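Participant: this one's structure only:
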């Protein structure tokens with residue numbers, strides 16, 4: 001059974017500065033909060049040297065104050081109204097090209113990389129031997 005002291009996530013952001021701004025906003029309204037870094041096994045990978053901004057963070061508050069915190073964040077945080085949502089890529093490409101979208105998968109991607117690497121190496125070896133003959 002959950003009581004008012006359990007922690008509840010009210011925001012999930014991509015880096016530490018955003019989490020600190022949300023914590024400051026909540027603190028101004030008298031809502032104590034806690035930020036927690038999400039490990040690489042979490043929702044987003046961003047960790048250590050790969051992400052100098054500290055990686056993904058979640059902001060948590062007491063369960064009793066979660067609704068108040070969410071309402072405050074909803075009225076304060078503004079989404080950019082000029083952003084047009086991106087159409088689903090597969091449907092967009094299929095309609096634009098008039099042909100079926102290719103799906104190589106992981107094995108196909110490695111096969112393509114190997115093929116082009118092998119072709120480039122063979123070309124360089126061929127040029128090397130042609131220069132040696134001349």
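Facilitator: Perfect, I can see it now. Here the structure is a predicted model, which is why all the values come from computation and not from measurement. Numbering: from 1, shown residues only.
Participant: mind checking which helix or strand of this protein has the lowest mean pLDDT?
Facilitator: Within the chain, no helix or strand scores below helix 89-97, which has a mean of 57 by mean pLDDT, DSSP states H and E.
Participant: Give me the longest helix you can find in the chain.
Facilitator: Across the chain, the longest stretch assigned as helix under DSSP state H is helix 105-133.
Participant: And the helix or strand harbouring residue 19, what's buried?
Facilitator: Using DSSP states H and E, residue 19 sits in helix 16-28. Neighbour counts using 16 or more other C-beta atoms under 10 Å place 16, 18, 19, 22, 23, 25, 26 of helix 16-28 among the buried residues. Any C-beta I mention is one placed from the backbone N, CA and C, and that applies to glycine too.
Participant: CSV please, covering these and showing pLDDT.
Facilitator: CSV is the format used below for the buried residues of helix 16-28 (pLDDT from 0 to 100):
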residue, pLDDT
16, 83
18, 87
19, 89
22, 92
23, 94
25, 92
26, 94
